[in-house]
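Q: Just a sequence and a predicted model for now, questions to come.
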Amino acid sequence: MDFQTAVFFFLSAILIFAALRVITARNPVYAALHLMLAFFTTGGIWLMLQAEFLAIALIVVYVGAVMVLFLFVVMMLDINIDRIREGFWRYLPLGAVLGLLMVLEMGLVLGSKYFQVPLAEATVPAGVSNTREIGALLVTDYVLPFELAAVILLVGMIAAVVLTFRGVKKSKISNPNTQVFVKAKDRIRVLQMPVEKD
Amino acid sequence: MDAVMNFGQGIFGGAWIAVWTLLKIVLIVAPLMLGVAYLTYFERKVIGFMQQRIGPNRVGPLGLIQPIADGLKLLLKEIIVPSGSSKAVFIIAPMLAIAPALAAWAVVPFTDTLVLANIDASLLYILAITSMGVYGVILSGWASNSKYAFLGAMRSAAQMVSYEIAMGFALITVLMIAGSLNFVEIVNGQNKGMFADMGLGFLSWNWLPLLPMFLVYLISGTAELNRAPFDIAEGESEIVAGFHVEYSGMAFALFFLAEYANMILVAALTSILFLGGWLSPVGFLPDGIWWMFAKMSFVLFLFLWFRATFPRYRYDLLMRLGWKVFLPLCFFWVIIVGVWMITPLNIWN
C-alpha cells in the first residue's frame, strides 16, 4: 500500500466515524462539531484529488463560516432531547426511503464505470493551477450561471434582511420629561419560572 | 546545503523527505515560540515606557528571563476543569486555538526561497486556516459552563466573523493587482514599477496605491486578533477575561500562545502583502530576510502602540465600523482598482 492510499484510508475512516457521530450524538453541539470534522476531512480527500480550490473553498465556506453560525444557534437553543426523539419511529419510514434513494444515486454516480457510462474524468497536467482555471471558466463560459447564482444569493440576503428588519429608529434623543415619570413597573416585569432540573 | 541533503539521504533513504520536512517545521515553530515569549516581554516593556514605568526588570538582566519564568510558572500550575463543563471540549478547545495559529505558517515565505510549502494558492490556504481559529474561542466559551466565558465567546465570534469579511476584501484587491494567489509572486510583483526603477522601492510597494485597503487590513487584523482597542472579547471590566476565564495553567498558556502567534502571523502577512516582504526599501541595499523581520517588528510595535494609546471600542461602534464603514469602503475600492487596471493609467503591467 503506497502512502497516498494509506492517507486516503486514514481520512475516510475519520470521515465515516464523524458522519456517523453527526446522526448519533445526543448533544446537538457534539453533532455540529462532528459535522465540522466531516467537512474538514472531506476537504482533505478533495485535496488528494488535486482539487485544491474546491477543498479550500469547502473549508472557508462551510467550516469557517456556516458551521460557526450553526454552532451559535445550536449553543443558544435550549434543546429538549427527549422531545426530539419522540417522533423517531413516526419519521423513520420517510427518512429510510430518502436515505435509500440517496445511496442509490451515489452508487449510480460512483459506480458509473461499472455500468459502462463514459465518465468525463478530469486529468490535471502538472503546473496547471486549478484556481486560475476555475476563475477563468467562471467569467467566460459560465458567466451567466455564475451571475444567476450571485443574484439568487442577493435575493436570499435581502429576504433575510426584510424578515428581521423592524423599521428605522428615527431618533435616539431621549425626552427627559418622560424619563422623570418612569416607574419601575414600566421597565421591569418579574416572571415566575419553575426551576429546571436535569 | 547539498552536503546536508546528501548526508540525510544517505542515513534515512526514502524517509529523508519526511524527516527534512519535520526539521523545517521545527526550524519555523521553535523561533516562533521564542518570538512569542519575547513578544510578551517586548509588549510589557514598550507599554511600560509609554506609561512612564520601567516594566519587568527583576528576573535576569533587564528582566530578560521574565518570559521564561512566566512560562515555567504556567507549566507547573494545575489545570482546573470547572464542574458541569463539557470536559472533552474543554480540553480540545485550546488545541483548536493553537493548531491553526501554527498551521498557517506552512505557506508564509521569509525570502523567495525560504518557505516550507510554496503552494499555488497560499493566500486561500491562509484564509481557510485562519478562519478555523474562531472555534477555539467559541468552544472554550461554551464548554466552560460559565456566563462570562460564554458572553466573551459570543462577542468574540461575532467580531471575528464580521472583520474576516473586510479582511478578505482587502486581500482581494491585493490579489487583483498581483494576479496571483502565491505569496512569493505577490512580493515579487511589488518590486517593479516607476519607483522601483528609480531605486525607491518602498514607494512601489502595495501600501501606497492601496493605502485605504492597507489601513482596513491593519485595523481588521487588530480586530481579528481581539487586540486592544477591539478587545471586547476579553473586556476585563465587564466580563473579567472573556472566553478563557475558566482556564488555568498550560491550557490558558495555549490560548496565550495562539493569540501572540496570530499577532506575529498578521504582522508577517501585512509585511508580505503591503510592505514588500523581504524587499529592500531602497535600491542600493540588498534584499534579504532581515527586511522581513524588520517590517514584522514594526507592525508588531504598531499593535502594542495601539494598545497603549486607544481606549476600548464600544460593542455597537465596533460592529458599525466593520459592517457599515469598512465593507462599503472595500466594495468601492475593489471597483476603483478594477477600473484603474483597465485604463491606460494602469501601473501594474
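A: Arrived safely.

Q: who touches the residue in the stretch 101-250 of chain B that chain A sits nearest to in this structure?
A: Residue nearest to chain A within the stretch 101-250 of chain B: residue B:131 (2.9 Å; C-beta to the nearest C-beta). (C-beta placed from N, C-alpha, C; glycine too.) Shown in contact with residue B:131 (C-beta atoms under 8 Å, 6 or more residues apart in numbering or on different chains): A:59, A:60, A:63, A:64, A:65, B:164.

Q: could I get these as a markdown table with secondary structure, distance to residue B:125 and pLDDT?
A: Output for the contacts of residue B:131, formatted as a markdown table (DSSP: H, G, I helix; E, B strand; the rest coil; distance: C-beta to C-beta, whole Å; pLDDT from 0 to 100):
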| residue | secondary structure | distance to residue B:125 | pLDDT |
| --- | --- | --- | --- |
| A:59 | helix | 9 | 89 |
| A:60 | helix | 10 | 87 |
| A:63 | helix | 13 | 86 |
| A:64 | helix | 12 | 82 |
| A:65 | helix | 16 | 81 |
| B:164 | helix | 15 | 85 |
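
Q: how about low-confidence regions in chain A?
A: Under the criterion pLDDT under 70, the flagged ranges of chain A are A:1, A:78-82, A:84, A:112-128, A:196-198.

Q: Where does it get nearest to chain B, residue-wise?
A: With C-beta to the nearest C-beta, the shortest gap between chain A and chain B falls at residue A:64, namely 2.9 Å.

Q: can I assume that residue is in contact with residue B:132?
A: Yes: between residue A:64 and residue B:132 there is a contact at 6.4 Å, judged by C-beta atoms under 8 Å.

Q: mind checking which helix or strand residue A:148 is in?
A: Counting by DSSP states H and E, the secondary-structure element that holds residue A:148 is helix A:143-164.

Q: Which residues does that helix contact?
A: Taking C-beta under 8 Å, 6+ apart as the rule, helix A:143-164 contacts A:138, A:139.

Q: How far away from the center of its chain is that helix?
A: The gap between the average C-alpha position of helix A:143-164 and the chain average comes to 17 Å, counting by C-alpha atoms, centre = their mean, to the nearest Å.

Q: Just say helix, strand or coil for residue B:324.
A: Going by DSSP: H, G, I helix; E, B strand; the rest coil, the secondary structure assigned to residue B:324 is helix.

Q: okay, now the residue nearest to residue A:130 when sequence neighbours are not counted: neighbour count?
A: Excluding the flanking residues, the one nearest residue A:130 by C-beta to C-beta, 6 or more residues apart in numbering or on different chains is residue A:53, at 5.4 Å. Applying other C-beta atoms under 10 Å in any protein chain shown, we find 20 other residues in the vicinity of residue A:53.

Q: cool, and residue A:22?
A: Residues near residue A:22, counting by other C-beta under 10 Å: 17.

Q: which stretch of helix or strand covers it?
A: helix A:3-24.

Q: That helix - contacts with which helices or strands?
A: Contact partners of helix A:3-24 among helices and strands, from 3 or more C-beta pairs under 8 Å, 6 or more residues apart in numbering or on different chains; DSSP states H and E: helix A:28-48.

Q: Let's see the helix it packs on as PDB, backbone CA atoms only.
A: Output in PDB follows, covering the C-alpha atoms of helix A:28-48 (Å, rounded to 0.1, in the frame of the first residue of the first chain):
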ATOM      1  CA  PRO A  28     -26.500  18.800  19.200                       C
ATOM      2  CA  VAL A  29     -23.300  20.700  19.900                       C
ATOM      3  CA  TYR A  30     -21.300  17.500  19.600                       C
ATOM      4  CA  ALA A  31     -23.200  16.700  16.400                       C
ATOM      5  CA  ALA A  32     -22.300  20.100  14.900                       C
ATOM      6  CA  LEU A  33     -18.700  19.600  15.900                       C
ATOM      7  CA  HIS A  34     -18.500  16.200  14.200                       C
ATOM      8  CA  LEU A  35     -20.100  17.700  11.100                       C
ATOM      9  CA  MET A  36     -17.300  20.300  11.100                       C
ATOM     10  CA  LEU A  37     -14.800  17.400  11.400                       C
ATOM     11  CA  ALA A  38     -16.500  15.700   8.500                       C
ATOM     12  CA  PHE A  39     -16.300  18.800   6.300                       C
ATOM     13  CA  PHE A  40     -12.600  19.300   7.200                       C
ATOM     14  CA  THR A  41     -11.800  15.600   6.400                       C
ATOM     15  CA  THR A  42     -13.700  15.900   3.100                       C
ATOM     16  CA  GLY A  43     -11.500  18.900   2.300                       C
ATOM     17  CA  GLY A  44      -8.500  16.600   2.800                       C
ATOM     18  CA  ILE A  45      -9.800  14.000   0.500                       C
ATOM     19  CA  TRP A  46     -10.600  16.500  -2.200                       C
ATOM     20  CA  LEU A  47      -7.100  17.900  -1.800                       C
ATOM     21  CA  MET A  48      -5.800  14.400  -2.600                       C
END
